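Student: Output the structure for:
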Amino acid sequence: MANDLKSTCAKAHQILEPLSPEERIKWAVETYADDVVLLSSMQKTAVVLMHMFHTLGLRNEILFLDTGYHFTETLQLRDAYMRQYGMNIVTLYPELTIEEQETQYGKKLFSCSDGQPECCRLRKEAPLLRHLATKKCPVTVNGLRRAEGGKRADILALSPDPRSAGFSLSPIYDWTSDDIQAYIAKHQLIVHPLYSKCYASIGCYPCTTPIRPGEEARAGRWRHLRPAEAEEAPLYCGVNFTDGSGI
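Tutor: This is a model prediction of the structure:
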């Protein structure tokens, strides 16, 4: 099964590589119909992809994972896009409230290195996978890019996601940060206000801080779990399979 998925993705990549991001999304919807969903974090890449869904006239679901720990500005941005573009944004929630989770585990999971992966799984990955299980062959559209480096440096336009027996589509996998900025400027898109306050990668508020001059974009994520004078800290929440063992 795994080899079949990889073969399908390799063939699809050959088709998708010369296309524009909009054409890649259109190909996915023509191939997989309503099983195509967009996972939106409300960051810059997400608003670019949401706008592409809008300009293509798609009513496919745009999934937003409400962890209970989002910045108020993140929730306000979600609502602004729903109002301005009438987007089909579906908000997914964890099974446990924050209070129930802390009672069950006896601590704030995000506050320690052994609890953080479980917190991300419970509040991001699990709600997503429950929803994808309602699809026949789910294709999750994301904003991952090779230019981000790390485990994302070698992603293909289409990657297998064995968790859902489906795929991940990265329509802007070959875009640079300048490409993102140019698209936002051209279409005058609203972006997250925390970008103007030195936040470069925005997730849950307990695990997100501004970056300092010279730091990488993701240096502000899970900074509280980075030992003093060390570089080691979580970089990804695991909601995207390719950030884990997928590559």
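Student: Tell me, how many residues neighbour the residue nearest to residue 108 when sequence neighbours are not counted?
Tutor: Nearest-residue entry for residue 108: residue 102, 6.0 Å, with adjacent residues in sequence omitted and distances by CB to CB, 6 or more residues apart in numbering. For every residue, glycine as well, the C-beta is placed using N, CA and C. Residues lying near residue 102 (other CB atoms under 10 Å) number 13.
Student: rounded to a whole number, what's the mean pLDDT of the helix or strand where residue 102 lies?
Tutor: Using DSSP states H and E, residue 102 sits within helix 98-105. On average, the pLDDT along helix 98-105 is 98.
Student: Using PDB, list the CA coordinates for that helix.
Tutor: Presented in PDB, the C-alpha positions along helix 98-105 are these (Å, rounded to 0.1, in the frame of the first residue of the first chain):
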ATOM      1  CA  ILE A  98      -8.500  22.700  28.300                       C
ATOM      2  CA  GLU A  99      -9.700  22.200  31.800                       C
ATOM      3  CA  GLU A 100     -10.600  18.500  31.200                       C
ATOM      4  CA  GLN A 101      -7.200  17.900  29.600                       C
ATOM      5  CA  GLU A 102      -5.300  19.400  32.500                       C
ATOM      6  CA  THR A 103      -7.400  17.400  35.000                       C
ATOM      7  CA  GLN A 104      -6.800  14.200  33.100                       C
ATOM      8  CA  TYR A 105      -3.100  14.600  32.700                       C
END
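Student: And the next helix or strand past it?
Tutor: That would be, after helix 98-105 and using DSSP H and E, helix 116-120.
Student: where do the strands sit along the chain?
Tutor: 36-39, 62-65, 89-92, 139-141, 158-161, 166-169 (DSSP state E).
Student: Measure how far the helix holding residue 102 is from the centre of its chain, please.
Tutor: 25 Å (CA atoms, centre = their mean, to the nearest Å).
Student: residue boundaries of the helices in this structure?
Tutor: For the chain, the helices defined by DSSP state H cover 2-16, 21-32, 44-55, 72-85, 98-105, 116-120, 126-132, 177-187.
Student: Only alpha carbons, please: show the last one as PDB.
Tutor: It stands for helix 177-187. Presented in PDB, the C-alpha positions along helix 177-187 are these (Å, rounded to 0.1, in the frame of the first residue of the first chain):
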ATOM      1  CA  SER A 177       8.700  34.100   0.800                       C
ATOM      2  CA  ASP A 178       8.900  36.800  -1.800                       C
ATOM      3  CA  ASP A 179       6.300  35.000  -3.900                       C
ATOM      4  CA  ILE A 180       4.000  34.900  -0.800                       C
ATOM      5  CA  GLN A 181       4.500  38.600  -0.100                       C
ATOM      6  CA  ALA A 182       3.900  39.500  -3.800                       C
ATOM      7  CA  TYR A 183       0.600  37.600  -3.900                       C
ATOM      8  CA  ILE A 184      -0.600  39.200  -0.700                       C
ATOM      9  CA  ALA A 185       0.300  42.700  -1.900                       C
ATOM     10  CA  LYS A 186      -1.300  42.100  -5.300                       C
ATOM     11  CA  HIS A 187      -4.600  41.000  -3.900                       C
END
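Student: Going by neighbour count, which residues of it are buried?
Tutor: 180, 183, 184 (16 or more other CB atoms under 10 Å).
Student: Next one: the last one from residue 211, what distance?
Tutor: Per CB to CB, to the nearest Å, residue 184 is found 19 Å from residue 211.
Student: Check the second one too.
Tutor: Taken as CB to CB, the spacing of residue 183 relative to residue 211 amounts to 22 Å.
Student: and what of the first one?
Tutor: In this view, residue 180 and residue 211 are 17 Å apart by CB to CB.
Student: The residue lying closest to residue 68 once chain neighbours are set aside and residue 108, how far apart?
Tutor: Once flanking residues are discounted, residue 68 sits nearest to residue 98: 4.7 Å by CB to CB, 6+ apart. Separation of residue 98 from residue 108 (CB to CB): 9 Å.
Student: Please consider this matter closed, and thank you.
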